[in-house]
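*Asks:* sequence and predicted structure below; questions after.
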Amino acid sequence: MDSNNSSLLLSSSSVLLHHQKHQLDSSFWEKQIKVPKQFIWPKGDLVEVQEELNEPLVDLEGFFKGDEMGTQQAARRIREACLKHGFFQVINHGVDSRVLSAAYDQTAKFFKLPPTLKSRVKKIPEATSGYASSHTDRFSSKLPWKETLSIDFHENSQEPVVVNYFKSNLGEDFEQTGNEVLISGNNGTSGNQPGRLTLGTGPHRDPTSLTILYQDEVGGLDVFTNNKWMSVRPRPGALVINIGETFTALSNGIYKSCLHRAVVNTDKERISLAFFVNPRDDKVVIPPSDLLGNQGTRMYPDFTWSDLLRFTQFHYRADSDTLKNFTKWFLSSKSLNP
Ligand SMILES: O=C(O)CCC(=O)C(=O)O
Ligand SMILES: [Fe+2]
């Protein structure tokens, strides 16, 4: 799809939350002898992985070269993965490895800045861009052991929005960061062995359409499928793709968006770069009629990405039941305000 076509349908955004000032500094938490109880997750969410997920590794070379056979093979493998758990990895994806390394380095450089500097881009309420440590303002329990930097990106914007964002908040030295980072960086820090009690990102399904993730070699991404947690092996140069709830709704529930989490490594810090792809705000998510089955039954109501975003930002922490609870909330708010 060329960028003109895709901009008719897609916008992209990364959505994370703001913080309280004294908790901006993740090094503060790392120095604590005991993990504060707000960061301790229930045992059921912490069950360790025993196996690797056998997700398909899809080679996109044929697709990019216009090769029919290669394209069909890739499509078949992606379809199979989406019917099972919605996770696959891609190689020969066309994203220059130098851009990925530069984005990674710039993200790492940002997370190493002193807290006072990071706080210059701190996320404010209702914003979708900015730096956040842990989401402490929004939740009082099961906090994620990580810091995040989120940046809004709209493909059809003429302005160098991201470059301007970094330059105006952090200064000229960060122009390059703006050039490379079109992602949200998750930095799961290790510290005092919090890995045994905490999670970098708790179990959730992404509300997005698609998530494209670049993870470093530390690993920690786990997927819950076949009734167990399974790890997604970091593969050098590959991107992890998973479908989110919006895509599930678009496929009338046929393609699965799977529960996943990021565990904290007890020895090493981990950085992951997630690019969330979402429909344009005004596009209604309606599955094609041939996915409705004989009865023409719709699994989910007509909604827009901004409805789901509002729900997950202001009413509900994304978890295993987001789409089900969103549907209830959305239908009842519609019946109150028809
Ligand atoms: O860091 C990861 O591997 C996953 C992060 C994630 O699931 C998310 O940001 O939605
Ligand atoms: Fe996720």
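*Replies:* Structure received. Numbers count the residues shown, from 1 in each chain. Ligands and ions are numbered 1, 2, ... in the order given.

*Asks:* now do the helices in the stretch 151-300 of the chain.
*Replies:* 161-170, 175-180, 245-250 (DSSP state H, counting those that start in this stretch).

*Asks:* what is the mean pLDDT for the longest one?
*Replies:* Here the mean pLDDT over helix 161-170 is 77, rounded to a whole number.

*Asks:* which strands and helices sit next to that helix?
*Replies:* Packed against helix 161-170 by the contact rule (3 or more Cβ pairs under 8 Å, 6 or more residues apart in numbering; DSSP states H and E) you find helix 175-180. (C-beta placed from N, C-alpha, C; glycine too.)

*Asks:* residue contacts, the residue in the stretch 101-250 of the chain that ligand 1 sits nearest to?
*Replies:* Residue nearest to ligand 1 within the stretch 101-250 of the chain: residue 221 (3.7 Å; Cβ to the nearest ligand atom). Applying Cβ atoms under 8 Å, 6 or more residues apart in numbering, one finds that residue 221 lies in contact with 213, 215, 231, 232, 240, 260, 261, 262, 272.

*Asks:* same question for residue 117.
*Replies:* By Cβ under 8 Å, 6+ apart, residue 117 lies in contact with residue 170.

*Asks:* please, which helix or strand holds it?
*Replies:* helix 115-118 (DSSP states H and E).

*Asks:* and that helix, what's buried?
*Replies:* Across helix 115-118, burial judged by 16 or more other Cβ atoms under 10 Å covers 115, 118.

*Asks:* offset the numbering so it begins at 3, please.
*Replies:* Right, with 3 as the first residue, what we last looked at is helix 117-120.

*Asks:* using PDB, write down the CA coordinates of that helix.
*Replies:* In PDB, the C-alpha atoms belonging to helix 117-120 read as follows (Å, rounded to 0.1, in the frame of the first residue of the first chain):
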ATOM      1  CA  PRO A 117      15.400  12.600  35.500                       C
ATOM      2  CA  THR A 118      15.300  16.400  35.400                       C
ATOM      3  CA  LEU A 119      15.900  16.400  31.700                       C
ATOM      4  CA  LYS A 120      13.500  13.600  31.000                       C
END
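
*Asks:* which element follows that helix toward the C-terminus?
*Replies:* strand 132-135.

*Asks:* how about a markdown table for the contacts of residue 223, with pLDDT, neighbour count and distance to residue 250 added?
*Replies:* A markdown table is the format used below for the contacts of residue 223 (pLDDT from 0 to 100; neighbours: other Cβ atoms under 10 Å; distance: Cβ to Cβ, whole Å):
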| residue | pLDDT | neighbour count | distance to residue 250 |
| --- | --- | --- | --- |
| 215 | 93 | 23 | 18 |
| 217 | 92 | 24 | 23 |
| 233 | 97 | 17 | 23 |
| 234 | 97 | 24 | 19 |
| 242 | 97 | 23 | 18 |
| 262 | 96 | 27 | 14 |
| 263 | 95 | 21 | 18 |
| 264 | 92 | 25 | 21 |
| 274 | 90 | 27 | 22 |
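
*Asks:* so which of these also contact ligand 1?
*Replies:* Restricting the contacts of residue 223 to those touching ligand 1 (Cβ under 6 Å from any ligand atom) yields 215, 217, 262, 264, 274.

*Asks:* so the third one touches residue 226, yeah?
*Replies:* Spelled out, it's residue 262. Yes: judged on Cβ atoms under 8 Å, residue 262 makes contact with residue 226 at a distance of 6.9 Å.

*Asks:* shared neighbours of these two, anything?
*Replies:* residue 205.

*Asks:* and for stretch 86-94, what's in contact with it?
*Replies:* 55, 57-63, 66, 79-80, 83-84, 225, 227, 234, 237, 239-245, 249-250, 257-260, 262.

*Asks:* would that stretch count as contacting ligand 1?
*Replies:* No: judged by Cβ under 6 Å from any ligand atom, stretch 86-94 stays clear of ligand 1, getting no closer than 10.8 Å.
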